[in-house]
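1. The following comprises the amino acid sequence and a computationally predicted model.
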Amino acid sequence: MLISSLATAEQYYALHPLLRTLFKYVRTHDLLPMPAGRITLQGDELYINVNDAVCVADGERPFEAHRQYLDVHIPLSGAETRRWKPVSKLGEPYQAYDAAADCALWTATDDSLRLTIEPGMFCIDFPDDAHAPALGDGETLRKLIAKVRI
């Protein structure tokens with residue numbers, strides 16, 4: 001997992017060639033008023049889901065992890081509380097990896113890192129980064145979830 005500021009995103013361009021395209025787009029477009037849905041930047045290689053996530057209580061959202069894409073979370077309307085734990089420390093998923101959905105799910109666990117990212121920040125989840133995003137008390141959070149094919 002990598003957490004940083006959008007203002008310094010260029011220092012991470014070397015991690016994946018499409019991160020430059022992603023962060024340039026995010027910096028040059030006002031995405032807060034955009035309708036929810038998909039923004040295709042480069043076919044299935046790079047796209048953004050504009051999402052209105054309903055936050056759920058800590059412990060109610062399962063951990064998820066992906067193998068085919070980096071997950072780049074960018075909160076827009078407020079801070080996002082989330083949990084993180086390495087996939088290698090979670091044991092067997094309750095929902096096995098589904099290649100079509102690019103997702104496996106694990107039961108929430110309290111012995112994970114709890115953190116908050118705020119507007120102006122981003123978080124990149126790699127394949128070993130199990131994450132439970134959008135934790136809270138029922139509020140709706142406008143956020144971007146970019147998918148960058150590995």
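-> Thanks, I have it. All figures in this text were calculated on a predicted structure; none of them were measured in a lab.
2. for residue 3, what are its contacts?
-> 115, 117, 121-124 (Cβ atoms under 8 Å, 6 or more residues apart in numbering). In this view, the C-beta of every residue, glycine as well, is placed from N, C-alpha and C.
3. Now find how far off-centre the helix or strand where it lies is within its chain.
-> For residue 3, the host element (DSSP states H and E) is strand 2-5. Here strand 2-5 is found 12 Å from its chain centre; the criterion is Cα atoms, centre = their mean, to the nearest Å.
4. Please enumerate the strands of the protein.
-> Applying DSSP state E to the chain gives strands spanning 2-5, 37-42, 46-54, 63-65, 69-75, 80-86, 95-98, 103-106, 113-117, 121-125, 129-135, 140-149.
5. Report the buried members of the contacts of residue 3.
-> When those are checked for burial by 16 or more other Cβ atoms under 10 Å, the buried set is 117, 121-124.
6. can you tell me which of these lies nearest to residue 48?
-> Residue 48 has its nearest neighbour among the buried ones among the contacts of residue 3 in residue 122, at 11.7 Å by Cβ to Cβ.
7. quick one on the thing from earlier: paired strands for the strand holding residue 3, with orientation please.
-> strand 121-125 (antiparallel) (DSSP bridges).
8. Now do stretch 38-54: everything it contacts.
-> 18, 21-22, 25-26, 31, 34-37, 80, 133-134, 138-149.
9. Let's see the PyMOL selection covering just the buried ones among those residues.
-> Command for PyMOL, covering only those of the contacts of stretch 38-54 found buried under the criterion 16+ other Cβ under 10 Å:
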select buried, resi 18+21+22+25+26+80+133+134+141+142+143+144+145+146+147+148
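10. Surely residue 96 and residue 104 touch.
-> Yes - counting by Cβ atoms under 8 Å, residue 104 is a contact partner of residue 96 at 6.2 Å.
11. out of the two, which sits in the busier spot?
-> Ranked by neighbour count (other Cβ atoms under 10 Å), residue 96 and residue 104 place residue 104 first, with 21 against 9.
12. dump the residue contacts of that one.
-> 64-65, 87, 93, 95-98.
13. Out of those, which two sit at the greatest distance?
-> Farthest pair in the contacts of residue 104, by Cβ to Cβ: 87 and 98, 14.7 Å.
14. what sits against residue 5?
-> Residues near residue 5 by Cβ under 8 Å, 6+ apart: 120-122.
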